[in-house]
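*Asks:* Everything below, folded, please.
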Amino acid sequence: MIILATLGAGWGWVRGFVGDMLAVMCVYCAFGAVLVASRTWLACAAFLIGLGVEFVQYLISVCDLQITNRVLRTIIGATPDWWDVMAYALGALLVLSLSKIVRLIARRCPFVLPLTEN
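*Replies:* A predicted model of the protein is given here:
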């Protein structure tokens, strides 16, 4: 993810769209590591974080502000875009789907991965 954000400037939609999907998935995993909540709630919370980032981008563009910190500028981004919102939604749906698939596999092969039910 860090490599995609920092070195992938010339990768076009891969950096933008796929990077936004991965960002939501990483937030989902981070929340899941520290919070006890349903998978759906975690995915919605990760999606809302993405929407918050887009809102901050919007405020920065409307208020004509500049972010001088390079790391913060990379995390927040520069331009609000509805495609980013679509990527956040698809990332949340993808991580929910993958979680469901892993749980189905684990139920059939309980020795593969011990899981707790949420």
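*Asks:* which stretch of helix or strand covers the most centrally placed residue in the chain?
*Replies:* Nearest residue to the geometric centre of the chain (Cα atoms, centre = their mean): Val24, 0.9 Å. Assigned by DSSP states H and E, Val24 belongs to helix 19-34.
*Asks:* mind checking which helix or strand of this protein has the lowest mean pLDDT?
*Replies:* helix 2-7 (a mean of 57; mean pLDDT, DSSP states H and E).
*Asks:* re the thing from before, which residues are contacting the helix holding Val24?
*Replies:* Contacts with helix 19-34, where a contact means Cβ atoms under 8 Å, 6 or more residues apart in numbering, come from 1, 4-5, 8, 37, 39, 42-43, 45-47, 49-50, 84, 87-88, 90-92, 94-95. C-beta: built from backbone N, CA, C; applies to glycine.
*Asks:* could you redo the last one with a cut-off of 10 Å?
*Replies:* Applying Cβ atoms under 10 Å, 6 or more residues apart in numbering, the external contacts of helix 19-34 come out as 1, 4-5, 8, 11, 13, 37, 39, 41-50, 53-54, 75, 77, 81, 83-96, 98-99, 118.
*Asks:* now the angle from the biggest helix by length in the chain to helix 19-34?
*Replies:* Taking DSSP state H as the criterion, the chain has its longest helix at helix 82-108. Computed by axes from the mean of the first three to the mean of the last three Cα atoms, to 10 degrees, the angle separating helix 82-108 from helix 19-34 equals 50 degrees.
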